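J.: I need the structure of the sequence given here:
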Amino acid sequence: MKNANLLVSHLIEKIENLVGKIVGKSSGRQFKFYLDMTYGILKSKSIVLNEIAHALNEETSLKKVNERLYKNLMRIPDINERHNMIKVGLSYMRENEKVFLIDDTDVMKPYGKVFEGMAKVRDASYPGESTKYDHGYKVTTITGLSSKKKQPIPFYDHVHSPFELDFYQLITSLI
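T.: Below is the predicted model of the structure:
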């Protein structure tokens, strides 16, 4: 039993160090949010917000914990957090050979009529037909390959419309 307690405390310390690298200890609220989310996901073995909140076993009501987690999830990370996340992701990759995959795919919503910014995108589910277009969105994802386990490391993920002009400016600045 002693070894299990030692293992758990060692894992918590590793997670705190990783979150500290991303958020920094100066932002206590964000530090607590990342720790709560990580612990809740690991304990509940789920990504459903209600189950994560239930796994935290906090004294406050489940509804208030859900609201707190939801508000923090909806917050856009500031530029320092994003920069630190990219630095941590790059540290898990090989120094000389960094492998990235940029995937620009689409999500079809053929029966959607009133979604914001929906545009015509090519439907790739019909391999022989290259002229089949329907309503939908573009999804751009940038992932890197980790050096030891060959697992993907997410760097960028964005659902957008071809009507968004600022998106193309962002992508050209990243490249």
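J.: quick check: buried residues in the helix or strand containing Leu7?
T.: Following DSSP states H and E, one finds Leu7 within helix 2-23. Going by neighbour count (16 or more other Cβ atoms under 10 Å), the buried part of helix 2-23 is 19, 22-23. Yep, even glycine has a C-beta here, placed from its N, CA and C like the rest.
J.: ends of stretch 95-112, what's the gap?
T.: The stretch stretch 95-112 measures 45 Å between its terminal residues, going by Cα to Cα, to the nearest Å.
J.: show me what it is in contact with.
T.: Identification of contacts with stretch 95-112 by Cβ atoms under 8 Å, 6 or more residues apart in numbering yields 90, 93, 115, 118, 121-125, 134-145, 152, 155, 159.
J.: circling back: and the average pLDDT for the following helix or strand past the helix holding Leu7 is what?
T.: The helix or strand immediately downstream of helix 2-23 is helix 28-44, counting by DSSP H and E. In this model, helix 28-44 has a mean pLDDT of 87.
J.: same check, this time on stretch 69-78
T.: Across stretch 69-78, the average pLDDT comes to 85.
J.: and what of stretch 103-119?
T.: pLDDT averaged over stretch 103-119 gives 74.
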